[in-house]
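Enquirer: quick one, structure for this:
(2 chains)
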Number of protein chains: 2
Amino acid sequence: MKAQSELPAARDKLLFTPGPLTTSLSVKQAMLHDAGSWHHEVNAKVRWVRDRLLEIAGLSSGAGWETVLLQGSGTFCVEAVFATCVPPKGKVAVLANGAYGQRMVLMLQHLRIDHVVLQTPEDTPVDPAVLDLALAKDKTITHVAVVHCETTTGILNPIVEVGRVVQRHGRLYVVDAMSSFGAISIDFAAAGIDFLISSANKCIEGVPGFSFVICRLETLLACDGYARSLSLNLLDQFKGFEKNGQFRYTPPTHSILAFEQALQEFDQEGGVAGRGARYEANHQALAKGMKQLGFRPYLDPAVQSYIITAFCYPESEKFSFGAFYRGLSERGFIIYPGKISQANTFRIGSIGRIFPSDIAALLSAIRAVLCEMGLG
Amino acid sequence: MKAQSELPAARDKLLFTPGPLTTSLSVKQAMLHDAGSWHHEVNAKVRWVRDRLLEIAGLSSGAGWETVLLQGSGTFCVEAVFATCVPPKGKVAVLANGAYGQRMVLMLQHLRIDHVVLQTPEDTPVDPAVLDLALAKDKTITHVAVVHCETTTGILNPIVEVGRVVQRHGRLYVVDAMSSFGAISIDFAAAGIDFLISSANKCIEGVPGFSFVICRLETLLACDGYARSLSLNLLDQFKGFEKNGQFRYTPPTHSILAFEQALQEFDQEGGVAGRGARYEANHQALAKGMKQLGFRPYLDPAVQSYIITAFCYPESEKFSFGAFYRGLSERGFIIYPGKISQANTFRIGSIGRIFPSDIAALLSAIRAVLCEMGLG
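Expert: Residues are numbered from 1 along each chain as shown, chains lettered A, B, ... in the order given. Model (predicted):
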């Protein structure tokens, strides 16, 4: 008999990760076509995608907002905002409590942009009061940047409270909503967001290939001449869309076809409310089941999002993350390693085309693997 | 009866463009899977892809070469080479005779990297003798950059002759082989190439999503600290692959699955020689048929590649490119507009999963559209 690993499987392993995620078969089937990047049919899809993303955000181009799509992962788009929109003498205050906040700092270092880091521990939301003091003291800070759901831990940062401080001080506000946009309602007006970034392969459940920024047109247009990179020049990218409906450079055509389908399925599910409800049900089932299995969540439930959850390793020498991961993988479930500097954790995502029944199957597999490890 | 445009078509339109290209159905079907970016199965595919690209180039990691994959279009990867590898006081000489050479200049402007442009007309190959003089005169030039096949016109630049000059002067050599790699044999040793860039959706016939650079490891490692962008930091990207086999940031997993299949089909066709032969047959059929239809190629055949061909508009007021394009599109063929500043041209690509029989069908359609326009 051939070993299981030598034969093609009947199904893909389910991804309980922060992305790329498990997507519907119909989203993937939308990629079974080749489309010309210069063709009006593709341009019409790009236009539709840009408008639909604004609608999901509760915004419109008539009200002065635009969506700019950019090739590459979400990180490229966050960096593109800094590279395009911070003036030569600008300074960015980064509110950080995880790896994605720290990544913003790395971007600013690479771009040689002045910055200050307002750090809180990884289990603690960022602090609007600390920002208030910093902005009062340092008038040279032009931009404030924060991660909405910090997928390092799954913590949810208070973007409206932070935004109120930013607005009171008259600075510009950049929100990385990579893993939250589409699943958690975001009030752009209350938060006073100027730039919000997310990606095709997160809660809209498309495939990787591009990310996007939703921004105030006036604010973007005011950035003329600042761009520190051609590829990451969001203003030029916007002008390209306006000029002829096209990406300036080769677009990820198949990802766009998949995203069009993903947006239709997003609507079928009832938009942000419907999708958020499923993810929340996934998370509740996960949190309850993991507790029953003896796992301790890293975060206080009060600050925990329903996007991704970090769990502490069991306090036993019998536990090895490598063996745990492999055992789950062999059963068809892919979880995610931890990314926290101060604690040994692993992570389980609640997002993508997975349902509470999949969470139940995952929990059964975890129980079986724990038994194998002598931890049952 | 419903209009044809209101009903889904049986087949995709064939793309006679510089990319994204028509790909095989099996390449697209490889994307019907979701793969975890952290999973060892994906990492093994990434490793295999990187090694296979070196083999196609006639190189190996044992001999000091590496492939670095980067999310985004080919432009991102060309800019990443400059952003990562030119020292703060470096200076780049760009040999330019088309839009892609000019795009390199735009990158260097954005990156605030000193540069000089050695321009030749769009119908004339770049000139090694001019470079020789420039390098002799200006010792501050550290890098020389050129586009191999300038898809603005389809002209083929003499990368070996240019490279010999670069080597004699001891500078570093960057070759944009976006639309030639995999279809035209490239002698890395003779040309003395340090960095060569190409993309997944060109002559290997994958789908868009990432591009790649093939480079000398030693040269890449010497660039520590130069990077002007985090996302475009090729050295960090390389270190990421070496550390854990992974892209630093979300990879275009579906594009990678498609590319793995595309590489297998590339081998089936007989590698560079086999693929090049088909593209050359496509080009010959195109050139002959278009001549019979009365079209004049923009370039002298002596400098024309078999990748893409620019044709001059017919000298008749009856001709309109818009109507010509639409007529062909309605018949299932997508051609490409011109990009030349000094002449009215359109372009027809010979690359992608198209065969001489497809060229024959395109030529028949062109004949029919010309008749409709009163030009038959």
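Enquirer: going forward, measure contacts and count neighbours with C-alpha atoms only.
Expert: Fine.
Enquirer: could you report the neighbour count for A:I193?
Expert: Around A:I193 there are 23 other residues, counting by other C-alpha atoms under 10 Å in any protein chain shown.
Enquirer: per-residue confidence for the closest residue to it other than its chain neighbours?
Expert: Excluding its sequence neighbours, the residue lying closest to A:I193 (C-alpha to C-alpha, 6 or more residues apart in numbering or on different chains) is A:Y173, at 5.3 Å. We note a pLDDT of 98 for A:Y173 in this prediction.
Enquirer: please apply the same query to the one 3 residues further on.
Expert: Looking at A:D176, its pLDDT stands at 98.
Enquirer: ignoring the adjacent residues along the chain, who's closest to it?
Expert: Per C-alpha to C-alpha, 6+ apart, closest to A:D176 is A:V147, 4.6 Å.
Enquirer: list phi and psi for the residue in chain A that chain B sits nearest to.
Expert: Proximity of chain A to chain B (C-alpha to the nearest C-alpha) peaks at A:G72, 4.3 Å away. With angles defined as degrees, to the nearest 10, A:G72 sits at phi 100, psi -180.
Enquirer: mind listing what the closest residue in space to it that isn't next to it in sequence touches?
Expert: Spatially, and ignoring its direct neighbours in sequence, A:G72 is nearest to B:G72 (4.3 Å; C-alpha to C-alpha, 6+ apart). Applying C-alpha atoms under 8 Å, 6 or more residues apart in numbering or on different chains to B:G72 gives the contacts A:71-73, A:209-210, A:252, B:208-211.
Enquirer: what subset of the residues you listed is buried?
Expert: A:71-73, A:209-210, A:252, B:208-211 (16 or more other C-alpha atoms under 10 Å in any protein chain shown).
Enquirer: among these, which lie within strands?
Expert: Residues of the buried ones among the contacts of B:G72 located in strands (DSSP state E): A:71, A:210, B:210-211.
Enquirer: what distance separates stretch A:39-52 from the centre of its chain?
Expert: Between the centre of stretch A:39-52 and the centre of its chain there are 23 Å (C-alpha atoms, centre = their mean, to the nearest Å).
Enquirer: tell me which residues are up against it.
Expert: A:35-37, A:60-61, A:66-69, A:245-246, A:253, A:256-257, A:259-260, A:263, B:334.
Enquirer: can you rerun that using 10 Å?
Expert: A:35-37, A:54-55, A:57-61, A:65-69, A:212-214, A:241-242, A:244-247, A:251, A:253, A:256-257, A:259-260, A:263-264, A:267, B:325-326, B:329, B:334-336 (C-alpha atoms under 10 Å, 6 or more residues apart in numbering or on different chains).
Enquirer: ok so, going back, what strand or helix carries the residue nearest to A:I193?
Expert: Per DSSP states H and E, A:Y173 falls inside strand A:172-176.
Enquirer: show me the strands in chain A, by range?
Expert: A:14-15, A:65-71, A:91-96, A:114-119, A:143-147, A:149-150, A:155-156, A:172-176, A:195-199, A:210-216, A:308-312, A:333-334, A:336-337, A:345-349.
Enquirer: low-confidence ranges, chain A, go.
Expert: For chain A, applying pLDDT under 70 flags the ranges A:1-5.
Enquirer: ok, A:L53 - contacts?
Expert: Applying C-alpha under 10 Å, 6+ apart, we find A:L53 in contact with A:59-60, A:66-68, A:181-182, A:204, A:212-214, A:263.
Enquirer: drop anything exposed from those residues.
Expert: Listed as buried from those are A:59-60, A:66-68, A:181-182, A:204, A:212-214, A:263; burial here means 16+ other C-alpha under 10 Å.
Enquirer: circling back to that earlier point, any chance of the contacts of B:G72 in a markdown table, with distance to A:N282 too?
Expert: Formatted as a markdown table, the contacts of B:G72 follow (distance: C-alpha to C-alpha, whole Å):
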| residue | distance to A:N282 |
| --- | --- |
| A:Q71 | 30 |
| A:G72 | 29 |
| A:S73 | 25 |
| A:G209 | 26 |
| A:F210 | 26 |
| A:P252 | 31 |
| B:P208 | 33 |
| B:G209 | 30 |
| B:F210 | 32 |
| B:S211 | 36 |
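Enquirer: and those residues, which is closest to B:A190?
Expert: Within the contacts of B:G72, the smallest distance to B:A190 is 24.0 Å, found for B:S211 (C-alpha to C-alpha).
Enquirer: tally up the residues packed near the closest residue to that closest one other than its chain neighbours, please.
Expert: Counting by C-alpha to C-alpha, 6+ apart, B:S211 lies nearest to B:S199, which is 3.9 Å off, once chain neighbours are set aside. A count of neighbours around B:S199, defined by other C-alpha under 10 Å, yields 32.
Enquirer: hmm, B:L21 and B:S199 touching each other?
Expert: No. Counting by C-alpha atoms under 10 Å, B:S199 stays clear of B:L21, with 11.7 Å between them.
Enquirer: and for those two, which residues touch both?
Expert: Residues touching both B:S199 and B:L21 (C-alpha under 10 Å, 6+ apart): B:205-208.
Enquirer: hmm, back to that, distance of the residue nearest to A:I193 from A:A99?
Expert: 19 Å (C-alpha to C-alpha, to the nearest Å).
Enquirer: neighbour count: these two, which is higher?
Expert: Per other C-alpha under 10 Å, whichever of A:Y173 and A:A99 has more neighbours is A:Y173, with 25 against 18.
Enquirer: the more buried one bridge partners, please.
Expert: A:V144 (DSSP bridges).
Enquirer: separation between it and B:T124?
Expert: 49 Å.
Enquirer: next: A:E242.
Expert: For A:E242 relative to B:T124 (C-alpha to C-alpha), the value is 33 Å.
Enquirer: again, but for A:Y336
Expert: Taken as C-alpha to C-alpha, the span from A:Y336 to B:T124 is 54 Å.
Enquirer: likewise for A:L111?
Expert: Going from A:L111 to B:T124 by C-alpha to C-alpha gives 37 Å.
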